[in-house]
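Asker: predicted model and sequence follow; I will ask about them next.
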Amino acid sequence: MMEEEQRGTFEHTAALPFARPELFDDALIPVAHVVSMLGVDVSTVLEHSHAKFVAKPPKGWRYSGAQVADQPRSAYRTVRVFGVTEVGNLTLNRDGTESREEWLRVSIRSIFRKETLRSDAVAGVVLGVESVPDGLAGGLLAGVNPVYGLYGYMVGTVTGALFTSSSFMAVQATGAMAIVVADVGVVHTSDDPGRALWTLSIVTGAVMLAAGLLRLGSILRFVSNAVMVGFINAVGVNIILGQLDDFTGYEADGPNRVARTFDLIMNIGKVHWPSFVIGVATIVLILLLERTKLGPLGLVVAIIITSAAVPILGWQVASLSDIADIPGSLPRPMLPDISLIPLLILPALSLAFVGLVQGAGISAKFPNPDGTYPEASRDFIGQGAANVASGFFQGMPVGGSMSASSLVKTAGAKTRLALIIASIVMAVIILVLGDLVGYIAMPALAGLLMTVGYRTIKPADIKAVWKTGGMQATVMAVTFALTMVIPLQYAVLVGVGISMILYIINQSNQVVIKRWLVVDGQMKETDPPADVAPNEVLVLQPYGSLFFASAPVFEEKLPDVTEHTYNSVVILRLRGRSDLGSTFMDVLLKYATALRERESELVVVSEDANLHDQLDVAGVTDVVGDANIYTSDEWVGRTVKGAYEDAVARIEANADDEKAGAPPDPDADTTGSDPTDEDPVT
């Protein structure tokens with residue numbers, strides 16, 4: 001039996017002092033009205049015109065914000081109801097939850113918004129048209145049937161749009177991923193190369209899904225901004241240099257884009273000038289038409305005009321039909337070759353890494369319409385889902401495409417609807433306009449992509465990183481240079497490695513040790529003495545990251561144990577530390593041994609049981625004794641105070657024993673610290 005429903009409407013009621021719809025935005029509903037809709041007697045809530053009230057929603061219902069609108073002789077509190085854009089148009093079940101029909105209507109409305117539909121449609125058409133030749137070229141670059149590249153673009157874009165956290169991430173076959181695919185021998189030597197390629201896409205998707213579900217997106221925080229700035233700007237330059245062959249009509253020779261650019265310069269006389277003119281004209285038209293009412297649609301119009309000019313002028317210029325035939329049908333679902341999965345795991349891991357790192361660049365550079373930045377783990381899931389779908393529908397591996405994402409954003413996209421439209425456009429072109437697409441001039445497309453590449457370059461970001469410091473500037477420059485001359489996956493990996501190494505060096509050098517005292521009841525933090533004096537209690541508090549690389553720095557900054565050290569106690573406060581590692585434990589063991597040899601002791605104060613276990617395993621507890629391992633509680637400073645009082649009593653007891661006196665030294669301070677004057681405590 002279906003649950004009964006009640007539909008609320010915005011009506012003037014006696015419960016409200018007055019109700020004027022124009023007072024509220026289109027997404028605001030008076031709380032009193034919502035309360036009425038939930039079956040609560042409004043008269044029991046509004047006792048008078050100045051009443052203030054809070055309506056607690058029933059289970060399954062929630063508000064997403066609140067505003068207060070005050071008018072003379074009345075007080076309203078209004079709430080922004082989840083996803084609703086029209087006052088009084090919410091359907092509720094009797095228990096106060098949204099009906100399934102209403103939830104679907106609100107979800108669809110969150111994508112299909114009238115105020116952004118035109119911008120998204122234009123951006124989707126631009127990306128969809130551009131993605132057809134780019135998808136075919138991606139397939140060729142990977143050494144597979146170009147149609148598989150086009151299918152990957154079409155399926156990956158729509159699937160990514162539905163599952164990623166980023167509103168503008170175009171999940172397509174990137175150049176770096178295509179190059180990796182070209183080196184996967186299993187795909188090219190298989191009896192059925194197509195099925196092997198589709199299986200690779202599915203396995204790559206599984207790896208990405210695992211990374212997302214395990215929330216490994218957080219590991220990308222170790223990829224510094226300097227690395228991403230260097231990488232993204234190098235990608236922009238690579239887009240430009242990568243189009244020079246089609247732009248000039250000269251097929252340059254060289255192991256990478258930079259080398260081929262130099263080859264072009266050395267053979268400038270071999271440029272095919274009709275191709276060059278078409279390319280330049282396309283760029284000029286794009287810049288001019290974008291300033292007209294066409295806006296971003298000028299990108300498409302410019303390509304159509306210059307491509308149409310080629311046969312009119314009678315020029316011989318390369319076109320899409322020279323690359324491959326556009327199919328006239330959509331892909332059918334296909335099953336993977338399970339027997340190849342073990343052989344494809346390593347290539348899939350490599351592809352997943354490249355795709356996710358490139359996707360991270362998009363996540364970091366393109367905030368969502370609400371100003372928030374995408375969640376990396378959810379973007380992993382979205383890219384994984386796109387690869388699985390691409391594999392089942394005969395597509396090659398895909399990932400976050402910086403150039404396509406830049407294109408759709410430049411074309412004016414406002415929401416992820418632009419990506420969905422782009423996939424629809426690709427499907428329509430495949431079915432209806434396959435023959436006409438073949439006439440698009442390659443120099444025209446090159447001009448379009450070069451414009452996109454230029455806009456991907458961000459001089460302001462480069463300048464900001466450069467001013468941050470020498471370390472960050474070095475990381476950015478190295479990443480940029482490597483991305484220009486070696487495969488992108490290796491360039492990013494090296495950049496991340498350099499970033500992490502420099503980070504470790506920087507953190508290890510920031511270890512500081514302070515001595516804590518209480519003077520006249522006030523907390524005092526001072527620098528520790530250079531040496532441990534005789535008959536002295538030192539309370540030491542280390543700051544900074546304590547790990548294996550910082551252990552030598554920590555050891556160097558500890559007060560030295562000298563021949564004058566005698567009958568002293570060093571209290572080391574390690575509150576908040578849980579895992580110091582074997583290297584750091586070796587330092588503590590060495591320091592405790594040195595103190596014991598001078599009839600002195602090391603005391604460790606920590607609340608963490610794991611750290612106590614490490615002290616036991618490393619042998620530190622055997623040297624200092626169980627009595628000198630203090631477990632602190634929730635009262636900050638109380639345990640250290642107790643350890644200090646015990647140490648003072650121990651020193652005084654030893655000082656009374658003539659046999660335990662310190663070696664005679666006229667320059668040594670044998671009085672120790674007077675706990676009544678300066679008490680170390682936290």
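Answerer: That came through fine.
Asker: now do the SS call for residue 360.
Answerer: Here residue 360 is recorded as helix under DSSP: H, G, I helix; E, B strand; the rest coil.
Asker: just the pLDDT for it.
Answerer: Listed pLDDT for residue 360 reads 77.
Asker: what does the one 4 residues further on give?
Answerer: The model reports residue 364 with a pLDDT of 74.
Asker: my guess is it contacts residue 226, does it?
Answerer: No: counting by CB atoms under 8 Å, residue 364 does not reach residue 226; the two are 11.8 Å apart. (Glycine included, C-beta is placed from N, CA and C.)
Asker: who has more neighbours out of those two?
Answerer: residue 226 (29 against 18; other CB atoms under 10 Å).
Asker: who are the contact partners of residue 549?
Answerer: 504-505, 507-508 (CB atoms under 8 Å, 6 or more residues apart in numbering).
Asker: put the buried members of those into a ChimeraX selection.
Answerer: Only the buried entries of those go into this ChimeraX selection, using 16 or more other CB atoms under 10 Å:
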select :507,508
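Asker: now, among the contacts of residue 549, which is nearest to residue 163?
Answerer: residue 504 (35.2 Å; CB to CB).
Asker: now do the helices in the stretch 151-300 of the chain.
Answerer: Remark: helices assigned in the stretch 151-300 of the chain by DSSP state H, counting those that start in this stretch are 175-182, 185-189, 193-213, 225-242, 244-248, 257-266, 273-289, 298-313.
Asker: got a markdown table for these, with mean pLDDT too?
Answerer: Converted to a markdown table, these look like this (pLDDT from 0 to 100):
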| stretch | mean pLDDT |
| --- | --- |
| helix 175-182 | 76 |
| helix 185-189 | 84 |
| helix 193-213 | 92 |
| helix 225-242 | 81 |
| helix 244-248 | 88 |
| helix 257-266 | 88 |
| helix 273-289 | 92 |
| helix 298-313 | 88 |
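Asker: of the ones you listed, which is nearest residue 482?
Answerer: Here helix 225-242 is closest among the helices of the stretch 151-300 of the chain (CB to CB), at 8.2 Å.
Asker: how far out from the middle of the chain is that closest one?
Answerer: The chain centre lies 17 Å from the centre of helix 225-242; the measure is CA atoms, centre = their mean, to the nearest Å.
Asker: grab the longest helix from the chain for me.
Answerer: In terms of residue count, the longest helix belonging to the chain (DSSP state H) is helix 114-141.
Asker: which secondary structure elements does it sit against?
Answerer: Applying 3 or more CB pairs under 8 Å, 6 or more residues apart in numbering; DSSP states H and E, we find helix 114-141 packed against helix 146-163, strand 170-172, helix 175-182, helix 298-313, helix 402-410, helix 417-432, helix 442-456.
Asker: enumerate the positions of that helix that are buried.
Answerer: 116-117, 119-141.
Asker: any chance of the helices and strands packed on helix 114-141 in TSV with distance to residue 574 as columns?
Answerer: What follows is the helices and strands packed on helix 114-141, written out as TSV (distance: least, CB to CB, whole Å):
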stretch	distance to residue 574
helix 146-163	44
strand 170-172	47
helix 175-182	45
helix 298-313	61
helix 402-410	45
helix 417-432	51
helix 442-456	48
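Asker: least reliable of these going by mean pLDDT?
Answerer: Minimum mean pLDDT among the helices and strands packed on helix 114-141: helix 175-182, a mean of 76.
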